[in-house]
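[1] sequence? don't have it. structure:
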């Protein structure tokens, strides 16, 4: 048989399959439901999972996978006084000591939040937080400038009153958009704006409980300027946090142990700090996401299994209804493989139709989840190809038995049943 004739046979088979579906609309619709919900669940699951994975990678990148972050623990009252008997808190001397004694520390940055009661320009006001940071903060946090440039070590060494604005803070303080070279007043001090960050907004503010992505509505000034010219409480930590970058080939978890040992000795054994390992956060997030994917895959698998059973049932019922037709076709010269092929085509067409509708339902479901729960989604061509592949497999798998059963009918007995 030529390729053209073979193609015509398959095309006619597909047309006949759609005719049968139109002839039994309600039964076909009920059969399709299992496939639609199963495929929809697969598409939604993979879209949400892919979106969460990309978001996590973006957020971890802002912390730096090769970095360690040390945060000061907040205490007050008598508890703080008791801690200060053994530890002066997180300070520049801690991070400088780490750089001097730990060979794997390549670079570091530090930060201190300024308690702000007034922040305004000649054009507007802002509720942005103000942070004193070292110049290296921007590189280690993967922050880029849309306008101007970050302050440098000379600015810090001379206690210059310069500032870098987050994009949201810049819009509040300078609605006209002319921030560079303008001045802002932080509490009682005037600062000149030298840079504005790019507007790279993240969908989440936390990952595994760690707060991230607040730079959009923040103002950054040199750390040395902040410590010298801003007011802080006498017992509070000199730093809120510092970050160290690790040399290539160093295991972050092992480096964290060494850093913890160093700081513990300097702080007299007081647990007044926390060490965050971004690489461990990423691994934990991926593990959590994997569990979520497995659960959703099981739910989707059950729906697809139900859909496959429904396809088998409808095909078996179709055989009973079309027994006479099968007998007539066999009497007119149709071979067993022709009968089997037709019923297998019908099974595949039903499952593929359910799959296509399910893809639309899945995309819609992912959009609804994103809007309602605030979860990020990412459309993946792999998800669509996978869903269609699963549908075709189910169509073949659950249609094979009915097709063989139809092909094995005795033509004489089939004609007698009509």
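    Everything's here; your move. Small disclaimer: the values here were computed from a predicted structure and weren't measured.
[2] tell me the centre residue of the protein?
    Centrality entry for the chain: nearest residue to the mean C-alpha point is residue 52, 1.5 Å, by CA atoms, centre = their mean.
[3] if I look at that residue, how far off is residue 375?
    7 Å (CB to CB, to the nearest Å). No exception for glycine: its C-beta is placed from N, CA and C like everyone else's.
[4] where's residue 270 relative to residue 95, distance?
    17 Å.
[5] for the host helix or strand of residue 371, packing partners?
    Element membership of residue 371 [criterion: DSSP states H and E] is helix 336-373. Secondary-structure packing of helix 336-373 (3 or more CB pairs under 8 Å, 6 or more residues apart in numbering; DSSP states H and E): helix 3-23, helix 25-63, helix 278-321, helix 323-331, helix 381-407.
[6] can I get the ones you listed in a markdown table including distance to residue 125?
    As requested, the helices and strands packed on helix 336-373 are exported to a markdown table (distance: least, CB to CB, whole Å):
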| stretch | distance to residue 125 |
| --- | --- |
| helix 3-23 | 64 |
| helix 25-63 | 27 |
| helix 278-321 | 35 |
| helix 323-331 | 81 |
| helix 381-407 | 46 |
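[7] contacts for stretch 75-84, please.
    Applying CB atoms under 8 Å, 6 or more residues apart in numbering, the external contacts of stretch 75-84 come out as 89, 235, 270, 272.
[8] report the two of those residues separated the most.
    235 and 270 (13.2 Å; CB to CB).
[9] which one's more surrounded, these two?
    Using other CB atoms under 10 Å, the more surrounded residue of residue 235 and residue 270 is residue 270, with 19 against 14.
[10] doesn't the more buried one belong to a helix?
    No. Checked against DSSP: H, G, I helix; E, B strand; the rest coil, residue 270 lies outside a helix; its state is coil.
[11] centre of the chain to the host helix or strand of residue 261, how far?
    Assessed by DSSP H and E, residue 261 sits inside helix 252-266. Chain-centre distance of helix 252-266: 30 Å, with CA atoms, centre = their mean, to the nearest Å.
[12] from the contact counts, what lies against it?
    strand 67-72, helix 92-101, strand 241-246, strand 273-276, helix 278-321.
[13] measure stretch 232-246 end to end?
    31 Å (CA to CA, to the nearest Å).
[14] likewise stretch 180-187?
    Span of stretch 180-187 from end to end, CA to CA: 20 Å.
[15] and for that stretch, what's in contact with it?
    With CB under 8 Å, 6+ apart, stretch 180-187 has contacts from 114, 116-123, 130, 147-148, 163, 165, 173-174, 190-196, 219, 221, 230-231.
[16] quick one: average pLDDT of that stretch?
    For stretch 180-187, mean pLDDT is 94.
[17] next, the buried residues of it.
    180, 182, 184, 186 (16 or more other CB atoms under 10 Å).
[18] and stretch 387-401, by the same measure?
    387-388, 390-391, 394-395, 398-400.
[19] stretch 40-49 now?
    Quick answer for stretch 40-49 (16+ other CB under 10 Å): 40-49.
[20] list only buried entries from the contacts of stretch 180-187.
    114, 116, 119, 121, 130, 147-148, 163, 165, 173-174, 191, 193-196, 219, 221, 230.
[21] phi first, then psi, for residue 147.
    Dihedral angles phi and psi of residue 147 (degrees, to the nearest 10) take the values phi -140, psi 150.
[22] report pLDDT for it.
    With respect to pLDDT, residue 147 scores 92.
[23] from memory it sits against residue 179, does it?
    Yes. Using CB atoms under 8 Å, residue 147 is in contact with residue 179, at 6.8 Å.
[24] find residues that contact each of those two.
    residue 196.
[25] list the residues that contact residue 166.
    So residue 166 contacts 128, 196-197, 215-220 (CB under 8 Å, 6+ apart).
[26] quick one: which of those residues sit in strands?
    If you go by DSSP state E, the contacts of residue 166 have 196-197, 218-220 in strands.
[27] any chance of these in a markdown table, with pLDDT and distance to residue 21 too?
    Below are the ones in strands among the contacts of residue 166 laid out as a markdown table (pLDDT from 0 to 100; distance: CB to CB, whole Å):
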| residue | pLDDT | distance to residue 21 |
| --- | --- | --- |
| 196 | 95 | 59 |
| 197 | 94 | 56 |
| 218 | 94 | 59 |
| 219 | 96 | 63 |
| 220 | 97 | 63 |
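[28] before we move on, the earlier item: nearest to residue 157 among the buried residues of stretch 180-187?
    Among these, and counting by CB to CB, the member closest to residue 157 is residue 186, at 20.1 Å.
[29] distance from stretch 262-269 to the middle of the chain?
    Per CA atoms, centre = their mean, the centroid offset for stretch 262-269 relative to its chain is 37 Å.
[30] let me fix that, I meant to ask about stretch 94-105.
    34 Å.
[31] likewise for stretch 157-176?
    Counting by CA atoms, centre = their mean, stretch 157-176 comes out at 30 Å from the chain centroid.
[32] about what we covered before: point out the most buried one among the helices and strands packed on helix 336-373.
    helix 25-63 (a mean of 21; mean count of other CB atoms under 10 Å).
[33] and it with helix 336-373, angle?
    Angle between the axes of helix 25-63 and helix 336-373 is 50 degrees (criterion: axes from the mean of the first three to the mean of the last three CA atoms, to 10 degrees).
[34] pLDDT (mean, whole number) over helix 25-63?
    78.
[35] ok, stretch 162-173 next?
    95.
[36] and if you look at stretch 390-400?
    pLDDT averaged over stretch 390-400 gives 82.
[37] for this protein, give me the ranges with low pLDDT.
    1-6, 9-10, 61-62, 201-213, 411-418 (pLDDT under 70).
[38] using a markdown table, please lay out the contacts of stretch 75-84 together with distance to residue 245.
    What follows is those, written out as a markdown table (distance: CB to CB, whole Å):
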| residue | distance to residue 245 |
| --- | --- |
| 89 | 23 |
| 235 | 30 |
| 270 | 26 |
| 272 | 23 |
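[39] circling back: and the buried residues of stretch 180-187 as JSON lines, adding secondary structure and distance to residue 366?
    Formatted as JSON lines, those follow (DSSP: H, G, I helix; E, B strand; the rest coil; distance: CB to CB, whole Å):
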{"residue": "180", "secondary structure": "coil", "distance to residue 366": "41"}
{"residue": "182", "secondary structure": "coil", "distance to residue 366": "43"}
{"residue": "184", "secondary structure": "strand", "distance to residue 366": "42"}
{"residue": "186", "secondary structure": "strand", "distance to residue 366": "43"}
